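S.K.: I need the structure of the sequence given here:
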Amino acid sequence: MRSTGRKFRAFTAKHLDELTARAGLSPEQRLATRAVATVLPFRTNAYVIEELIDWSAAPDDPIYRLVFPQEDMLPAEDVARLSDLLRREAPKAEVEAAAHAVRMKLNPHPAGQMELNIPSFGDGKIPGMQHKYGETVLYFPKQGQTCHAYCTYCFRWAQFIGEPDLKMAGDEPTALRDYLLANPQVTNVLFTGGDAMIMGEPVLRRYVEPLLELEQLEAIRIGTKSLAYWPQKFVTDPDADDMLRLFEQVVESGKNLAFMAHFSHPRELEPLMVAEACRRIRDTGAVIRTQAPLIRTINDDSATWESMWRTQTRMGLVPYYMFVERDTGPQDYFAVPLARAYEIYRDAYKNVSGLSRTVRGPSMSATPGKVCVDGVVDLMGEKVFVLHFIQCRDADLVGKPFFAKYDPDAAWLDDLKPAFADRFPWEK
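M.R.: Residues are numbered from 1 along each chain as shown. Take a look at the predicted model:
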């Protein structure tokens, strides 16, 4: 496990034709895939390609579908237009203009995050910061706004397409610290992106170290897919040991260091390198919590989630969230109806031990807050969804149940209508 191993090598859209040919796609299918990749970002690496994808099952292999664009992710007319531009080798500016027009129809920044979540401070707004819930601040370090590989379902896809107006990024550790001092109710900072673990140790230290003396801060969280897509980061990369020492420093300062690790499929947990990376991180005193969205064609069955939660518990990880696919990008392609999502969650949950029942879901990170689907019941002669807020912009609503009319096709909060009332609790 301590060998140098294969160095990181990224694959981008310019490699798509070669890689999709390996998956058995026809020339026309490969062209359509390239067309989708002009709109949605594509990036993977040698570890994902050689260690995780079962090429004998591609293009239906779940890990292949997790990282490779699919031609039916976008409306057929948009794919046809973009394919035609690529076929006749249209000027780059023309292709980009057509791709931009498609992107703007895909709700690139869901849940009001650009309008509602960015706080004002001092003379203006702090770049790369969001503050949706009182106790938690999200920060997007400029150097962490890419990933070792991109998930096709990623709700942060707008970060990776090279359009500055759609990107959130900050490079002001002092401004972050000053904002926290001015807002003593903040007890948690979540470094997100992108992926903070794409950064080297000296860069991450610039953002983390100024926070360690803040008594108000209870926890530092790192949202990351690196354990699934590049576990070498914590084992064989040149700065792996230095990074672990930084984690130890955070824990020694009295803060809870929480890895919010994204695992979308059990196969991502299988390589021995992953177990070694998790062991080394946990040895620093950090806690690894696991989360992922429920995605059609990739993990939309209870056995997959049961297997993930059991394996994670065995590895000392803490199952934390099953998310609902957010209302952005190719949501219609990936979305699972809420009623079905609840069935999958319940059928997996009932078969695991109490140690795995730390997991919450299915959860929607919607405009008013994090909404959990608690079940479907017959109440007062009406079939309804029972829901509650795990988090909410209005903290008084956290934990209080509310009801929505049952709709077998509803896939997001906005698809629901209130039951037993003329409005939902957050609606004025």
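
S.K.: buried residues in whichever strand or helix holds G223, which are they?
M.R.: In this assignment (DSSP states H and E), G223 forms part of strand 219-224. For strand 219-224, burial by neighbour count (16 or more other CB atoms under 10 Å) applies to 219-224. Using the backbone N, CA and C atoms, a C-beta is placed for each residue, glycine as well.

S.K.: tell me where the stretch 151-300 of the chain has helices.
M.R.: Using DSSP state H, counting those that start in this stretch, the helices assigned to the stretch 151-300 of the chain run over residues 173-182, 201-208, 226-229, 240-252, 272-283.

S.K.: nearest to H131, of those helices?
M.R.: If you check each of the helices of the stretch 151-300 of the chain against H131 by CB to CB, helix 173-182 wins as the nearest, at 8.1 Å.

S.K.: let me see the mean pLDDT of the closest one.
M.R.: Helix 173-182 carries an average pLDDT of 92.

S.K.: picking up where we left off before, so which of the buried residues of strand 219-224 comes closest to P337?
M.R.: Using CB to CB, the buried residues of strand 219-224 come closest to P337 at G223, 26.5 Å.

S.K.: surely that closest one and G193 touch.
M.R.: Yes - the criterion here is CB atoms under 8 Å, and G223 meets it with G193 at 7.2 Å.

S.K.: quick one: V377 and Y150, what's the gap?
M.R.: Separation of V377 from Y150 (CB to CB, to the nearest Å) stands at 39 Å.

S.K.: neighbour-wise, which of these two wins?
M.R.: Y150 (26 against 12; other CB atoms under 10 Å).

S.K.: name the element that one belongs to?
M.R.: Y150 belongs to no helix or strand, assigned by DSSP H and E.

S.K.: that one contacts V67, doesn't it?
M.R.: Yes - applying CB under 8 Å, one finds Y150 in contact with V67, separated by 6.8 Å.

S.K.: where do the contact lists of those two overlap?
M.R.: Common neighbours of Y150 and V67 (criterion: CB atoms under 8 Å, 6 or more residues apart in numbering): 42, 44.

S.K.: low-confidence ranges in the stretch 301-428 of the chain?
M.R.: 327-330 (pLDDT under 70).

S.K.: next, the buried residues of stretch 266-286.
M.R.: 266-269, 273-278, 280-282, 284, 286.

S.K.: ok, now stretch 12-32?
M.R.: 13, 16, 19-20, 23, 25, 29-32.

S.K.: then stretch 309-317?
M.R.: Per 16+ other CB under 10 Å, stretch 309-317 contains these buried residues: 309-313, 317.

S.K.: out of these, which is nearest to E215?
M.R.: L317 (29.0 Å).

S.K.: ok, now which ones touch that closest one?
M.R.: Applying CB under 8 Å, 6+ apart, the residues contacting L317 are 261, 278, 288-290.

S.K.: and the helices of the stretch 151-300 of the chain, which is most packed in?
M.R.: helix 226-229 (a mean of 26; mean count of other CB atoms under 10 Å).

S.K.: mean confidence for that helix?
M.R.: Computed over helix 226-229, the average pLDDT equals 97.

S.K.: and the spatially closest residue to G134 that is not a sequence neighbour, how many residues sit next to it?
M.R.: Nearest non-adjacent residue to G134, counting by CB to CB, 6 or more residues apart in numbering: Q185, 5.1 Å away. Here the number of neighbours of Q185 (other CB under 10 Å) works out to 10.

S.K.: per-residue pLDDT, Q185?
M.R.: Value for Q185, per-residue pLDDT: 96.

S.K.: give me the distance between the strand holding G223 and the centre of its chain.
M.R.: In terms of CA atoms, centre = their mean, to the nearest Å, the centre of strand 219-224 is found 13 Å from the chain centre.

S.K.: quick one, what contacts L25?
M.R.: Contacts of L25 (CB under 8 Å, 6+ apart): 33, 59.
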